[in-house]
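S.K.: Got a predicted model here, sequence first, then my questions.
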Amino acid sequence: MEINSFINYDVPPVSPEDPVKHVQELFFELTNTHLPVVKDGFLLGNISEEDIAGFELEKKVSDYGYALDIFFVKENTNWLEVLEAFAKNNANMMPVLNAEGRYLGYYELTDLMGLFRETPFINESGGVLIVEKGSSDFTFSEISQIVESDNGKLLGAFVSGYEGDMAQITLKVGNTGLNSIMQSFRRYGYTIIMGNEDDMYMENLKERSNYLRKFLNI
């Protein structure tokens, strides 16, 4: 999925020579959790709204270089890894760098969430299945084979959680009922955590995005 068209340029990056007071005023006008700090086209790091609230107004951003958070994605990073970067860094803004490490712009979390909601995983009709197996004992190729062996269509799959050394994998399956697929997963040693034929789970997900709320409520 191509996401480079979502690179945003609306908010200019902060300069290390900017006064702290100016950056605080920017945060007051914006909803960003962070702002990128850029010098000569290269990202120095990201300054957070939470940190800058405690800085002295008359000083410069460069006086607090030690407080910058270092995170970014490259322009060729796929959209799932970009979402992971947002979650890991508790940010709603993600700087984008080119292959040479130069700052290009930034992604906004709301844009990427909108992109996710347009994927077949959300929009295609089908059932949701959550299975569990040892984190070193499953492969996505095996999961795909199990679904397709029962004439199912795997619309999407991702690791949605870990419990100790057990991984939980959420699947979206189309073209068929889940009962036979669940039986097949059990034969392959998977535990069925949840299986939903009528897709109400996905309707709730689409309407409220509860399991994505950790990305948005930051």
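M.R.: Received the coordinates, thanks.
S.K.: Keeping just the C-alphas, turn stretch 52-66 into CSV.
M.R.: Presented in CSV, the C-alpha positions along stretch 52-66 are these (Å, rounded to 0.1, in the frame of the first residue of the first chain):
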residue,chain,number,x,y,z
ILE,A,52,8.8,21.6,26.6
ALA,A,53,6.2,22.7,29.2
GLY,A,54,9.0,22.6,31.8
PHE,A,55,11.6,24.4,29.8
GLU,A,56,12.7,28.0,30.4
LEU,A,57,11.0,30.4,28.0
GLU,A,58,14.0,32.6,27.2
LYS,A,59,16.2,29.7,26.3
LYS,A,60,16.6,28.0,22.9
VAL,A,61,15.6,24.6,21.8
SER,A,62,19.3,23.8,21.4
ASP,A,63,19.8,24.2,25.1
TYR,A,64,17.6,21.1,25.6
GLY,A,65,19.1,18.8,22.9
TYR,A,66,19.4,16.1,25.5
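S.K.: What are the buried residues along that stretch?
M.R.: Across stretch 52-66, burial judged by 16 or more other C-beta atoms under 10 Å covers 52, 55, 60, 61, 64. Every C-beta, even on glycine, is put in place using the N, C-alpha and C of the backbone.
S.K.: next one: stretch 70-77
M.R.: Of all the residues in stretch 70-77, those buried under the rule 16+ other C-beta under 10 Å are 71, 72, 73, 77.
S.K.: Now, these that are in strands?
M.R.: Applying DSSP state E to the buried residues of stretch 70-77, the entries found in strands are residue 73.
S.K.: could the buried residues of stretch 70-77 go into CSV alongside pLDDT?
M.R.: Below are the buried residues of stretch 70-77 laid out as CSV (pLDDT from 0 to 100):
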residue, pLDDT
71, 97
72, 97
73, 95
77, 87
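S.K.: quick one on the thing from earlier: closest to residue 160 among the buried residues of stretch 52-66?
M.R.: residue 52 (34.3 Å; C-beta to C-beta).
S.K.: Wait, residue 108 touches residue 92, no?
M.R.: Yes. Using C-beta atoms under 8 Å, residue 108 is in contact with residue 92, at 6.7 Å.
S.K.: Tell me which of those two has more neighbours.
M.R.: Between residue 108 and residue 92, counted using other C-beta atoms under 10 Å, the more crowded position is residue 92 (22 against 19).
S.K.: Which residue, other than its chain neighbours, is closest to the residue nearest the centre of the chain?
M.R.: In the chain, the C-alpha nearest the mean C-alpha coordinate belongs to residue 83, at 1.7 Å (C-alpha atoms, centre = their mean). Of all residues not flanking residue 83 in the chain, residue 112 sits nearest, at 6.0 Å (C-beta to C-beta, 6 or more residues apart in numbering).
S.K.: what about that neighbour, how many residues close to it?
M.R.: If we define neighbours as other C-beta under 10 Å, then residue 112 has 20 of them.
S.K.: would it count as being in a helix?
M.R.: Yes. Using DSSP: H, G, I helix; E, B strand; the rest coil, the assignment for residue 112 is a helix.
S.K.: surely residue 181 meets residue 172?
M.R.: No. Residue 181 lies out of contact with residue 172 (C-beta under 8 Å); the separation is 11.9 Å.
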